[in-house]
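Q: Prediction below, plus the sequence it came from.
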Amino acid sequence: MDSKESHKVYSITRFNLLTSLLSILNTNDTEDTNFHIAKYILEHFQELDRLSIYDLAEECFVSRSSIQRFVKTIGYDSFTSLKNTVSEVAAHQKTILSYTDYTHYAEHLVSSLDDMAKDIIDTIYSSRWAEEFLVRIHDTKNVVVLTAEDSASSIRSLQQDLMSVGKLIRVVTNSTSSLSILQDLTPDDLLVTCSASGNFAIAIREELKDIKAFKALVTFNRSSLFENDYSLIVYPSKVMRLNSREIQSARNVYTRYALSIFFDMFFHGYYRRYISPYQK
């Protein structure tokens, strides 16, 4: 899929079908129509390409218009366009299986995490962007962090950490009910996109073009594609160097754990610089 086609297909809300469906399953009441539709699709995902919108409506005991509203809610133009992403999901699931397919997985994981942590810590302490990123988060009153829902746990942990020292940030994902917050940002605000593999950053490029905030990107993807999109690019690793202008399935120890380690170290730096010196 070339970059032009990617822009037509992907968006903030239409990025990861499974994430969107699971988010509905996790957050909606069990009596909600959308809950039942999402649950049925997830339970019959392998058969999805053989189902028509009429089949789905009948199985979920809802109208066809309810199905149409549902698919538009998660960013798709039609049920057919939703079904067309099944092969992409299958490719992503294959990378998940490959990631865990080690005979001595525990030893591999421990070794990989140790090497990664050392890499990230060394990168933070030796990179020119580290202080600028820290200062901008601290000095900007309105900070919004944008990331894919399946990568949001480390960002929400950072949100809680910063709140413990009086710094409030907002987290927006592809599952956020309203994205109007992004359009309301001003040049005095800070928008931080977190996209370990770069896939999410590629998907949302067109939607961010008119956002007026100062834009920063945290990623391992060193493609020059982002150079005109962001005023500050944070590369948390010297070892992990992806380079892709297209959305590709990727699962490794960095895409899975690195942002958690990075933001743990970031908060430690924030605490040491702005909080610790002034505590009695």
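A: The structure has been received and is ready for your questions. Since we're looking at a predicted model, the values are computed, not measured.

Q: Look up the closest residue to V172, ignoring the ones flanking it.
A: L146 (4.9 Å; C-beta to C-beta, 6 or more residues apart in numbering). For every residue, glycine as well, the C-beta is placed using N, CA and C.

Q: do the same with D122
A: K238 is the one closest to D122 (C-beta to C-beta, 6+ apart), at 7.0 Å.

Q: three-state assignment of the one you found?
A: Look at K238: counting by DSSP: H, G, I helix; E, B strand; the rest coil, its state is coil.

Q: Poorly predicted segments of this protein, please.
A: Residues of the chain that meet the criterion pLDDT under 70 lie in 1-14, 177, 279-280.

Q: just the strands in it please.
A: 143-147, 170-173, 190-195, 214-219, 232-234 (DSSP state E).

Q: export these to TSV and tack on distance to R156 and mean neighbour count?
A: As requested, the strands of the chain are exported to TSV (distance: least, C-beta to C-beta, whole Å; neighbours: other C-beta atoms under 10 Å):
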stretch	distance to R156	mean neighbour count
strand 143-147	9	24
strand 170-173	6	18
strand 190-195	11	24
strand 214-219	15	23
strand 232-234	18	18
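
Q: Take these and write them to JSON lines, including distance to A250.
A: Putting the strands of the chain into JSON lines (distance: least, C-beta to C-beta, whole Å) gives the following:
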{"stretch": "strand 143-147", "distance to A250": "15"}
{"stretch": "strand 170-173", "distance to A250": "19"}
{"stretch": "strand 190-195", "distance to A250": "11"}
{"stretch": "strand 214-219", "distance to A250": "12"}
{"stretch": "strand 232-234", "distance to A250": "18"}
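
Q: Among the ones you listed, which comes closest to I121?
A: strand 232-234 (14.5 Å; C-beta to C-beta).

Q: next helix or strand past the closest one?
A: Counting by DSSP states H and E, the next helix or strand C-terminal to strand 232-234 is helix 253.

Q: Contacts for that following helix, please.
A: By C-beta atoms under 8 Å, 6 or more residues apart in numbering, the surrounding residues in contact with helix 253 are L109, S112, L113, M116.

Q: swap the cut-off to 6 Å and go again
A: S112, M116 (C-beta atoms under 6 Å, 6 or more residues apart in numbering).

Q: Kind regards, and thank you for your time.
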